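[1] Generate a structure from the sequence data that follows.
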Amino acid sequence: MRIRETLRRKNQDLKQDLENVKHIVSIARIVEELEPYRAALLTRTLDLIDASRQNLAWLDIEDDILLPDVLSETSILLQRVRLIKLRYLRGLYRTTNWDRVCLQTIAWVHRRHEQTVTYPAVFADDDVSTIPSKGLPFYFFPCLEQRGLRFQPLFFHEFGHVLYKCHEQELDSLVGDFQQIVEAELLPASQRNDQYAQEQARLRQSIVETWYKWVQEFFCDAVGLSIGGPCFLNAFSDYIGRLQTTDYFRQASDLHGSSHPVSCLRLKLLAERAERAGLGRDAENVVRNWNDVANLLGAGEDYHGFYTDSIKTSLVKTVDDMMVEASPYQCSEDDAAGIGWEGRPTNLVALLNKAWAKYMEDPNDFQSWEAKVLVERYGLQELVD
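    Numbering: from 1, shown residues only. Next comes the predicted model:
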């Protein structure tokens, strides 16, 4: 049958692609922090080579009843090979010595949770984000921010997405309960049965569905604060602020189905969480900065019914319950104060808080201090050569 030959050719091509991937991964010149990732990627590649061989073996059996299963397995294999080519290889073939900064941050945070302790560290160039696959999460980080300490705490938020994946069933249940609260809050006291009522019902449902992703973002913000303390709050505030009215206000059409809440709302709720955690001064500073920008822009807040103060208590409790379930690393008082960052092995959170303290104290002097730390801690000799 023609389909048999099509499937045979496709599996042979996939097998050859995977053999090429194996060669590229094996010979890549990488920093030592990427060796665990190389090993994990090689293991995954070899498993997929075995899958292609199994498909070819089935095709050698002249039994048409096997063809639907082989077609299904080939389709799955095709998607997995594409992921390796388009995503996972990127972590190896663009590596530089500078990668050691981000890789050590990722490895450090992975080791702080029992379910991620064996996950290898890898990232590639792009805006801050992650693909939180179990066992092999893939992070993205901007090129310039990779080359310093100030924005490393943003990885703590992205790690929150990995934690969510690890506890997906339990956390989905908590999010679902909160969505029911939102839905109840949005229901009118009396309901009409006409076209207008149907449109309003559709909009309410869209808001409820949007909150599935929004709660996850508030949770990941809380994870970032739990791990990093002041350094995360400052890095987060600096990075997400665009100094535009869209920081405070977006059109209702932009909010429906959006992946992230309005930035100002995230900042305000994170600052309130920081204040409850004893970081009142840091919280006050970032809120004051955002308020100053809002006043200069003449920007007002309007969440178009997606958020009201009446659901804040339930939202905070939901995120608190999610934090108990996920149990991320807790920034200590010494971590927050930057105490003990000089020790070996590096106390990462203390170091990052020290970095932000130095930056806030004197931005002009910060660059020389940071360069010295990068040489001593990460072996980036190119800074002095």
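[2] got the buried residues for stretch 320-339?
    For stretch 320-339, the neighbour count (16 or more other Cβ atoms under 10 Å) marks 321, 322, 323, 326, 328, 329, 331, 335, 336, 338 as buried. For every residue, glycine as well, the C-beta is placed using N, CA and C.
[3] Touching it from outside, list them.
    Residues outside stretch 320-339 that contact it (Cβ atoms under 8 Å, 6 or more residues apart in numbering) are 109, 112-113, 159-160, 163-164, 166-167, 170-171, 174-175, 215, 219, 222-223, 225-230, 279, 340, 347, 349-351, 353-354, 357.
[4] Which PyMOL command selects the buried ones in those?
    In PyMOL syntax, the buried subset of the contacts of stretch 320-339 is picked out as below (16+ other Cβ under 10 Å):
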select buried, resi 109+112+113+159+160+163+164+166+171+174+175+215+219+222+223+225+226+227+228+229+230+279+347+349+350+351+353+354+357
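[5] on that earlier part again, which of the buried residues of stretch 320-339 fall within helices?
    321, 322, 323, 326, 335, 336 (DSSP state H).
[6] Going by distance to residue 46, which of the residues you listed wins?
    Each of these was scored against residue 46 by Cβ to Cβ, and residue 326 proved nearest at 32.4 Å.
[7] How much space separates the closest one from residue 170?
    Distance check for residue 326 against residue 170: by Cβ to Cβ, to the nearest Å, it reads 9 Å.
[8] Same check on residue 40?
    26 Å.
[9] So what's the residue count around the spatially closest residue to residue 137 that is not a sequence neighbour?
    Distance criterion Cβ to Cβ, 6 or more residues apart in numbering; nearest residue to residue 137, sequence neighbours excluded, is residue 162 at 4.8 Å. Number of residues near residue 162 (other Cβ atoms under 10 Å) recorded here: 25.
[10] What ranges does the chain have for its strands?
    For the chain, the strands defined by DSSP state E cover 123-125, 129-131, 138-141.
[11] Point out the one among those strands that comes closest to residue 290.
    Per Cβ to Cβ, nearest to residue 290 of the strands of the chain: strand 129-131, 22.7 Å.
[12] Show me what that closest one is packed up against.
    Identification of packing neighbours for strand 129-131 by 3 or more Cβ pairs under 8 Å, 6 or more residues apart in numbering; DSSP states H and E yields strand 138-141, helix 154-166.
[13] Compare these and give me the one nearest residue 47.
    strand 138-141 (17.6 Å).
[14] In PDB, list the C-alpha atoms belonging to the closest one.
    Taking C-alpha atoms only, strand 138-141 is exported to PDB below (Å, rounded to 0.1, in the frame of the first residue of the first chain):
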ATOM      1  CA  PHE A 138      12.900  25.100  29.100                       C
ATOM      2  CA  TYR A 139      13.400  28.700  30.100                       C
ATOM      3  CA  PHE A 140      13.900  31.800  28.000                       C
ATOM      4  CA  PHE A 141      15.700  35.000  29.000                       C
END
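[15] Distance from the chain centre to it, please.
    Distance, stretch centre to chain centre, for strand 138-141: 7 Å (Cα atoms, centre = their mean, to the nearest Å).
[16] Likewise for stretch 287-302?
    Centre to centre, stretch against its chain (Cα atoms, centre = their mean), the figure for stretch 287-302 is 27 Å.
[17] Thanks again, I'm all set now.
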